[in-house]
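Peer 1: no letters, just coordinates:
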């Protein structure tokens, strides 16, 4: 790695947030398998993942400066994954408090602790709808909702903090994450497997998935390569696909089917806006919201050339293999 490495073991002490979530949990397992000492943050009452050997758990959250200080104490590197994801049951201020304020507090703690690398998790969603695909890291940011907006603010904050304070910061912008154990796409897989799925809109909008194993590889590179410092990197799968192609691949591996007709998007956008207007003030997660409709209507298509060239990133799992492995895991878990 070139910094803070134990000469005998090749390991470092890593601080990790988001370890009780899907991506963070996979990173936790990978870092432990790599032989690193991992200190992970978990909120009180969180379900802790089972790993080959236990990390050191620090109880707290991104609002708790004392917990963040304990988390990063003695750490050579910090990997920041925790965030409020795209739901509609939270007020905008909560997104900003966690995704921006929490990031700033963790950056401050890492800087005081003398960390030699800070890997910040952003999202390709900071680009919003990609009207002229593919987008790359030099493309303008165009966040389309409060989640994407606060993730963009957090990313820019992290890079600016690194430049001003001398903290070596690298940014990972993951594509649409999927793989065994991931549940955000489970409803889609189930609907297609049961033959109860119709594409919304044209079916020609793009989607750019990344299999979890490839994403973990991208984090390892952002953590270890000196060239990663001071830059964002899109970490996505080998290619982007249309919504129609994505559904067809899932249908093939689940034995399901996609209905032959399309559902117009405009009425769903209207219905989503209405559900949000009624549910959000009551603190209820709406059954349908505009962000969910945007899954079908906004294109996400990206170039991974910079990550290939600068980091040596080389995704190994194409959509066909990734969906097959995901379906097998869902079935083993009894989810399909």
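Peer 2: Nice, I can see it. Model, not experiment: these values are computed from the prediction. Numbers count the residues shown, from 1 in each chain.
Peer 1: just the terminal-to-terminal distance for stretch 46-54.
Peer 2: Chord length of stretch 46-54, first to last residue, is 15 Å (Cα to Cα, to the nearest Å).
Peer 1: contact partners of that stretch?
Peer 2: Stretch 46-54 is contacted by residues 19, 20, 25, 28, 29, 32, 33, 42, 57 when judged by Cβ atoms under 8 Å, 6 or more residues apart in numbering. C-beta here means a position set from N, CA and C on the backbone, and glycine is covered the same way.
Peer 1: residue 169: which of those is nearest?
Peer 2: Comparing the contacts of stretch 46-54 against residue 169 with Cβ to Cβ places residue 19 closest, at 19.8 Å.
Peer 1: report pLDDT for that closest one.
Peer 2: Reading off the confidence values, residue 19 has pLDDT 97.
Peer 1: residue 41 is in contact with that one, correct?
Peer 2: Yes: counting by Cβ atoms under 8 Å, residue 19 sits close enough to residue 41 to count as a contact (6.9 Å).
Peer 1: flag the shaky bits of this protein, pLDDT-wise.
Peer 2: Segments of the chain classed as low confidence (criterion: pLDDT under 70) are 1-10, 86-89, 287-291.
Peer 1: let's see 80
Peer 2: Along the chain, segments meeting pLDDT under 80 span 1-10, 86-90, 265-294.
Peer 1: and the helices in it?
Peer 2: Assignment of helices within the chain using DSSP state H yields the ranges 22-33, 65-72, 92-96, 103-113, 146-165, 186-193, 212-224, 243-254, 265-279, 290-297, 305-306, 319-333.
Peer 1: need those helices in TSV with mean neighbour count and distance to residue 48, can you?
Peer 2: Formatted as TSV, the entries for those read as follows, by neighbours: other Cβ atoms under 10 Å; distance: least, Cβ to Cβ, whole Å:
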stretch	mean neighbour count	distance to residue 48
helix 22-33	21	9
helix 65-72	20	15
helix 92-96	16	24
helix 103-113	20	20
helix 146-165	20	25
helix 186-193	18	22
helix 212-224	22	19
helix 243-254	19	31
helix 265-279	15	31
helix 290-297	19	29
helix 305-306	15	35
helix 319-333	17	19
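Peer 1: the closest residue to residue 212 other than its chain neighbours: what's it in contact with?
Peer 2: Distance criterion Cβ to Cβ, 6 or more residues apart in numbering; nearest residue to residue 212, sequence neighbours excluded, is residue 179 at 3.4 Å. Taking Cβ under 8 Å, 6+ apart as the contact definition, residue 179 lies against 26, 211, 212, 213, 322, 325, 326, 329.
Peer 1: now render those residues as a markdown table, adding distance to residue 269.
Peer 2: Compiled in a markdown table, these are given as follows (distance: Cβ to Cβ, whole Å):
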| residue | distance to residue 269 |
| --- | --- |
| 26 | 33 |
| 211 | 30 |
| 212 | 30 |
| 213 | 35 |
| 322 | 29 |
| 325 | 33 |
| 326 | 29 |
| 329 | 33 |
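Peer 1: do you know which of the helices of the chain lies nearest residue 204?
Peer 2: With Cβ to Cβ as the criterion, residue 204 lies closest to helix 243-254 of those, at 7.0 Å.
Peer 1: and for the closest one, what's in contact with it?
Peer 2: Applying Cβ under 8 Å, 6+ apart, the external contacts of helix 243-254 come out as 188-189, 192-193, 197, 199, 201, 203-207, 209, 241, 256-258, 296, 319-320, 323-324, 327, 336.
Peer 1: I'd like the helices of the chain as CSV, with distance to residue 50 appended.
Peer 2: As requested, the helices of the chain are arranged in CSV below (distance: least, Cβ to Cβ, whole Å):
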stretch, distance to residue 50
helix 22-33, 9
helix 65-72, 21
helix 92-96, 30
helix 103-113, 26
helix 146-165, 29
helix 186-193, 20
helix 212-224, 17
helix 243-254, 27
helix 265-279, 35
helix 290-297, 31
helix 305-306, 36
helix 319-333, 14
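Peer 1: do you know which of the ones you listed lies nearest residue 136?
Peer 2: The minimum distance between residue 136 and those falls on helix 305-306, with 6.3 Å, by Cβ to Cβ.
Peer 1: so how far is that closest one off the chain centroid?
Peer 2: Here the centre of mass of C-alpha atoms in helix 305-306, compared against the chain's by Cα atoms, centre = their mean, to the nearest Å, lies 19 Å away.
Peer 1: and if you look at stretch 319-333?
Peer 2: For stretch 319-333, the separation from the chain centroid amounts to 19 Å (computed by Cα atoms, centre = their mean).
Peer 1: same check, this time on stretch 34-41
Peer 2: Using Cα atoms, centre = their mean, the distance from the centre of stretch 34-41 to the centre of the chain it belongs to is 19 Å.
Peer 1: same deal with stretch 49-65?
Peer 2: 19 Å.
Peer 1: just the buried residues of that stretch, please?
Peer 2: Of the residues in stretch 49-65, those buried by neighbour count under the rule 16 or more other Cβ atoms under 10 Å are 49, 51, 55, 57, 58, 60, 61, 62, 64.
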